[in-house]
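[1] what's the 3D shape of this:
(one chain, ligands or ions: 2)
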Amino acid sequence: MIKVEKDFEKRLIEFRHHLHKFPELSYHEFKTTKEIIGWFERLGLPPVNLDLETGAVFDIVGEHPGPVIALRADIDALPMQEDNVSPYRSSVDGVMHACGHDMHTTALLGAGALLLKNRDLIKGTVRLLFQPAEEVATGAKYVCEKGALDGVDAIFGFHNIPTLPLGTIGIKSGGLMAGVDRFEVVFHGRGGHAGVPHKTIDPIIIAAEYVTNIQSIISRRINLFDNAAISVTHIEGGSTWNIIPDHATIEGTVRTFQKGSRKIIPLMMKKYAYGIAEANDGYADFHWEGLHPVVDNDPTFRKPLEDLTLELGYKPVEAKPSSGGEDFSFYQEQIPGFFVFIGVEGSEPWHSPIYNMKDSALKIAVEFLANVPLAISNHEMFRDKINIE
Ligand SMILES: [Zn+2]
Ligand SMILES: [Zn+2]
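    Residues are numbered from 1 along each chain as shown. Ligands and ions are numbered 1, 2, ... in the order given. Down below sits the predicted model:
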């Protein structure tokens, strides 16, 4: 079992404050990347050469055969002004670590340093994946295209969560964070005089019918015990009070927690768009933009992670799902993985201008991350990788 010593904890807290003071936006994490590479260079570990603009990947090769387990931390900040008054508040105007990715980065730096010292405990290889650009939903895809997941057998990661107390880790099988997608539908009709509606094909009527009818997809197509939401957030049509326009546009988002729901909802929404438009003699263009898949945790990792949490002296709790998205899901579409919530006992939600966390949460995250590969490499999924001799 790898634990964090007091001195090291102090150093890590200072490092987190330093990162917090100098936040960088998605794909502009140049100084952060330099800090990460510098940290491991001092420990004699060069990055894996993946030609990343920002972000970095390191392999810690253990002394025993086994699987390749990736640990992932996201490193970017948000385009917002910090309103905290701490001595380490952001020194960059309009940029803030308001999602706690400074803590994720530092936790993985800490775990990496401890794993390097304990290669004799590692079965297989631990891949440290410092991912850029989570906040714009494309960083995971970017590093995968560069080969960050090549040869990796399973992946683990966490998000800090202000609503859980210190010492608790939220663990949940299946859908943890929502699938997030965007849609846009343009309804085409025939414009004309508002006083002679029978000579027109009114796209406003079509759009209105559509907005109310698609809610039946949730109530009648999605299992009562699953969760999903369709939100129309933007509707536009016409320019004045006495002219029926020739088209109307609606836009919105869909949130899902099951892969099946994420498949059926766009199919049904498209059918409704075409069907309702056709019943009114108009037609529809339906656009679907898939953003985040569902953060879908492999249930077979649950027990070993719960046991690990207990062994470390912390408390596993059932995590409440979040309707926000997280591009960790992109990795889980390719290989098995598990994402947890580590309690930081903050008073504000993610992305608040006064977002904060308890410093002592960092140690818990470091200990959890460092021990995950040790606990998981014994999983039966990797049995033939461990017994090579
Ligand atoms: Zn965020
Ligand atoms: Zn985040």
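[2] N160 pairs with what?
    I342 (DSSP bridges).
[3] what sits against I69?
    I69 makes contact with 124-127, 152-156, 372-373, 376-377, according to Cβ atoms under 8 Å, 6 or more residues apart in numbering. In short, each C-beta sits where N, CA and C put it, glycine included.
[4] ok, so of these, who is nearest A365?
    V372 (10.8 Å; Cβ to Cβ).
[5] so that closest one touches L305, yeah?
    Yes - the pair V372 and L305 qualifies as a contact (Cβ atoms under 8 Å) at a distance of 7.2 Å.
[6] so those two - more neighbours on which side?
    V372 (24 against 21; other Cβ atoms under 10 Å).
[7] neighbours around the residue nearest to that one when sequence neighbours are not counted, how many?
    Closest residue in space to V372, ignoring its immediate chain neighbours: F156 at 4.9 Å, by Cβ to Cβ, 6 or more residues apart in numbering. Around F156 there are 24 other residues, counting by other Cβ under 10 Å.
[8] from the chain's centroid, how far away is the host helix or strand of F156?
    Element membership of F156, judged by DSSP states H and E, is strand 154-161. When distances are taken as Cα atoms, centre = their mean, to the nearest Å, strand 154-161 is centred 9 Å away from the chain's centroid.
[9] buried residues in that strand?
    Buried residues in strand 154-161, defined by neighbour count with 16 or more other Cβ atoms under 10 Å: A154, I155, F156, G157, F158, H159, N160, I161.
[10] before we move on, what about stretch 167-185?
    Neighbour-count burial for stretch 167-185 [16+ other Cβ under 10 Å]: 167-181, 183, 185.
[11] which residues touch K146?
    Counting by Cβ under 8 Å, 6+ apart, K146 has contacts L50, D51, L52.
[12] pull out the buried members of these.
    Here, 16+ other Cβ under 10 Å leaves L52 buried among the contacts of K146.
[13] save the contacts of K146 as a markdown table, and put in secondary structure and distance to A140 too.
    Below are those laid out as a markdown table (DSSP: H, G, I helix; E, B strand; the rest coil; distance: Cβ to Cβ, whole Å):
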| residue | secondary structure | distance to A140 |
| --- | --- | --- |
| L50 | coil | 14 |
| D51 | coil | 17 |
| L52 | coil | 12 |
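[14] mind saving the C-alpha coords of the strand holding F156 as PDB?
    Provided in PDB are the C-alpha atoms of strand 154-161 (Å, rounded to 0.1, in the frame of the first residue of the first chain):
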ATOM      1  CA  ALA A 154      -7.800  -0.200 -18.800                       C
ATOM      2  CA  ILE A 155      -8.000   3.400 -17.700                       C
ATOM      3  CA  PHE A 156      -8.900   5.100 -14.400                       C
ATOM      4  CA  GLY A 157      -9.500   8.700 -13.400                       C
ATOM      5  CA  PHE A 158     -11.400  10.900 -11.000                       C
ATOM      6  CA  HIS A 159     -13.000  14.300 -10.600                       C
ATOM      7  CA  ASN A 160     -13.000  16.200  -7.400                       C
ATOM      8  CA  ILE A 161     -16.500  16.700  -6.000                       C
END
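[15] what is that strand packed up against?
    Applying 3 or more Cβ pairs under 8 Å, 6 or more residues apart in numbering; DSSP states H and E, we find strand 154-161 packed against strand 64-74, helix 101-117, helix 328-332, strand 337-343, helix 361-376.
[16] give me the mean pLDDT for the last one.
    Read it as helix 361-376. Average pLDDT, helix 361-376: 98.
[17] give the next helix or strand downstream of that helix.
    Using DSSP H and E, the helix or strand that follows helix 361-376 in sequence is helix 383-386.
[18] give me the distance from that following helix to the chain's centre.
    On Cα atoms, centre = their mean, the centre of helix 383-386 falls 30 Å from the chain's centre.
[19] so where is the stretch 51-200 of the chain shaky, pLDDT-wise?
    Regions of the stretch 51-200 of the chain meeting the criterion pLDDT under 70 are absent.
[20] is it true that K199 touches G189?
    No - contact between K199 and G189 fails when scored by Cβ under 8 Å: they sit 11.4 Å apart.
[21] where do the helices sit along the stretch 151-300 of the chain?
    203-213, 215-221, 259-279 (DSSP state H, counting those that start in this stretch).
[22] ranking those helices by burial, who's on top?
    helix 203-213 (a mean of 19; mean count of other Cβ atoms under 10 Å).
[23] the domain parsing of this protein - what is it?
    Following automatic domain parsing, one gets these domains for the chain: 6-174+295-386, 179-292.
[24] and G325, which of the three is it?
    For G325, the assignment made with DSSP: H, G, I helix; E, B strand; the rest coil gives coil.
[25] let the chain start at 50 from now.
    From this message on, residue numbering opens at 50, which makes the last subject G374.
[26] let me see the contact set for it.
    Counting by Cβ under 8 Å, 6+ apart, G374 has contacts A186, M226, A227, G228, V229, L340, H341.
[27] do F236 as well
    Taking Cβ under 8 Å, 6+ apart as the definition, contacts of F236 comprise 252, 255-256, 259, 286, 296-299, 322, 326, 331-333.
[28] how about those in TSV, adding distance to H113 and pLDDT?
    Formatted as TSV, the contacts of F236 follow (distance: Cβ to Cβ, whole Å; pLDDT from 0 to 100):
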residue	distance to H113	pLDDT
P252	66	98
I255	64	98
A256	62	98
Y259	59	98
G286	65	97
H296	64	98
A297	63	98
T298	59	98
I299	57	98
A322	56	98
A326	62	98
G331	66	98
Y332	63	98
A333	59	98
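[29] from the residues you listed, which is closest to N436?
    A322 (54.5 Å).
[30] you'd agree the closest one is up against Y332?
    No - look at A322 against Y332 with Cβ under 8 Å: they stay out of range, at 9.2 Å.
[31] what sits closest to the residue nearest in space to the middle of the chain if chain neighbours are left out?
    With distances taken as Cα atoms, centre = their mean, E375 lies nearest the centre of the chain, 1.4 Å away. Counting by Cβ to Cβ, 6+ apart, E375 lies nearest to M226, which is 4.5 Å off, once chain neighbours are set aside.
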